[in-house]
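>>> Okay, structure incoming, though there's no sequence with it:
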């Protein structure tokens with residue numbers, strides 16, 4: 001009977017386990033101790049994000065999709081997109097407005113702001129946490 005229960009548990013959990021790709025936690029990288037160039041280029045070099053931004057905001061924030069088959073997390077939450085910009089860096093495209101900062105980077109996760117803030121606080125993280133959309137929260141590092 002125990003074997004049958006354990007097998008049923010494994011079958012029930014299967015849809016929640018990624019079948020391809022790798023999981024990568026970005027918690028340490030979101031400690032705001034590096035430049036946007038180092039953060040973004042490191043993710044590109046590891047093939048965790050697409051090298052070309054999917055969108056460039058007027059404030060020059062470049063948004064990158066996680067690479068196909070990659071499962072990124074930040075403080076236990078699924079990463080929706082990676083964002084970043086560094087002034088005078090050819091890795092980033094410039095928007096048509098005033099850049100947000102000399103260097104800025106972060107991750108947009110699928111979770112409420114309150115849950116992300118609580119998880120970041122519990123980890124001792126001091127990144128900026130703000131509401132980015134319905135069920136989207138940004139974890140953001142900025143250097144002026």
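That came through fine. Everything numeric in this text was worked out from a predicted model, so none of it was measured.
>>> Test my guess that residue 75 contacts residue 120.
Yes - taking Cβ atoms under 8 Å as the definition, residue 75 is a contact partner of residue 120 at 5.6 Å. C-beta coordinates here come from the backbone N, C-alpha and C atoms, glycine included.
>>> Of the two, which one has the most company?
residue 75 (25 against 21; other Cβ atoms under 10 Å).
>>> shared neighbours, residue 75 and residue 120?
residue 139 (Cβ atoms under 8 Å, 6 or more residues apart in numbering).
>>> hey, where'd the helices end up in the protein?
2-13, 36-45, 113-122 (DSSP state H).
>>> Can you flag the weakest of these by average pLDDT?
Mean pLDDT across the helices of the chain is lowest at helix 2-13; the value there is a mean of 34.
>>> I'd like the distance between the closest residue in space to residue 80 that isn't next to it in sequence and residue 131.
Spatially, and ignoring its direct neighbours in sequence, residue 80 is nearest to residue 108 (4.7 Å; Cβ to Cβ, 6 or more residues apart in numbering). Distance, residue 108 to residue 131, by Cβ to Cβ, to the nearest Å: 11 Å.
>>> buried ones in stretch 131-144?
132, 136-142 (16 or more other Cβ atoms under 10 Å).
>>> which outside residues touch it?
Against stretch 131-144 from outside (Cβ under 8 Å, 6+ apart): 30-32, 35-36, 39, 74-75, 77, 80, 83, 100-113, 115-116, 120, 125, 127-130.
>>> before we move on, the earlier item: pretty sure the residue nearest to residue 80 is touching residue 84, no?
No - using Cβ under 8 Å, residue 108 is not in contact with residue 84; the gap is 11.3 Å.
>>> Mind checking which of the two has more residues around it?
More neighbours surround residue 84 than the other of residue 108 and residue 84, with 29 against 20 (other Cβ under 10 Å).
>>> Return the residues in contact with the more buried one.
36, 39-40, 61-62, 64, 92, 104-106.
>>> And residue 37, by the same measure?
86, 89, 91, 103.
>>> now these in a markdown table, with distance to residue 51, pLDDT and neighbour count?
Output for the contacts of residue 37, formatted as a markdown table (distance: Cβ to Cβ, whole Å; pLDDT from 0 to 100; neighbours: other Cβ atoms under 10 Å):
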| residue | distance to residue 51 | pLDDT | neighbour count |
| --- | --- | --- | --- |
| 86 | 15 | 97 | 24 |
| 89 | 14 | 97 | 16 |
| 91 | 9 | 96 | 15 |
| 103 | 19 | 96 | 22 |
